[in-house]
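J.: sequence unknown, structure follows:
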């Protein structure tokens, strides 16, 4: 399946509804829900300049006491940095080469 815009201007992944605005095309939300603990929402976006992005919102329940909440935040930030760095390092294969 291709992500290119068709005759309607929508991409294959586009939700084709009110989420498309401001010259963007947005997919339906992909939700990971851990009731009482965390929730993450991922949306694929093609911006008005043609570049594609992943938009991720994460909500994590923090501990009631500050030292534990700070540790959670530190872990979340470190893991998020690793995740974003790893995802950003993936590149498209060059012509004549296959993806790893």
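T.: Ah, there it is. All figures in this text were calculated on a predicted structure; none of them were measured in a lab.

J.: which element follows the worst-scoring helix or strand of the chain on mean pLDDT toward the C-terminus?
T.: Every helix and strand of the chain was ranked by mean pLDDT, DSSP states H and E. The lowest is strand 25-26, at a mean of 86. Sequence-wise, the next helix or strand downstream of strand 25-26 (DSSP states H and E) is strand 30-34.

J.: The helix or strand following that following strand to strand 30-34, inter-axis angle?
T.: Using DSSP H and E, the helix or strand that follows strand 30-34 in sequence is strand 38-46. Using axes from the mean of the first three to the mean of the last three Cα atoms, to 10 degrees, the inter-axis angle of strand 38-46 relative to strand 30-34 is 170 degrees.

J.: Summarise which helices and strands strand 38-46 is packed against.
T.: strand 25-26, strand 30-34, strand 52-60 (3 or more Cβ pairs under 8 Å, 6 or more residues apart in numbering; DSSP states H and E). Where C-beta positions appear, they are placed from N, C-alpha and C, glycine not excepted.

J.: Between these, which one is closest to residue 85.
T.: strand 52-60 (13.8 Å; Cβ to Cβ).

J.: and the angle from the next helix or strand after the closest one to strand 38-46?
T.: Following strand 52-60 in sequence order, the next helix or strand is helix 66-89 (DSSP H and E). Calculated by the same axes, to 10 degrees, helix 66-89 forms an angle of 30 degrees with strand 38-46.
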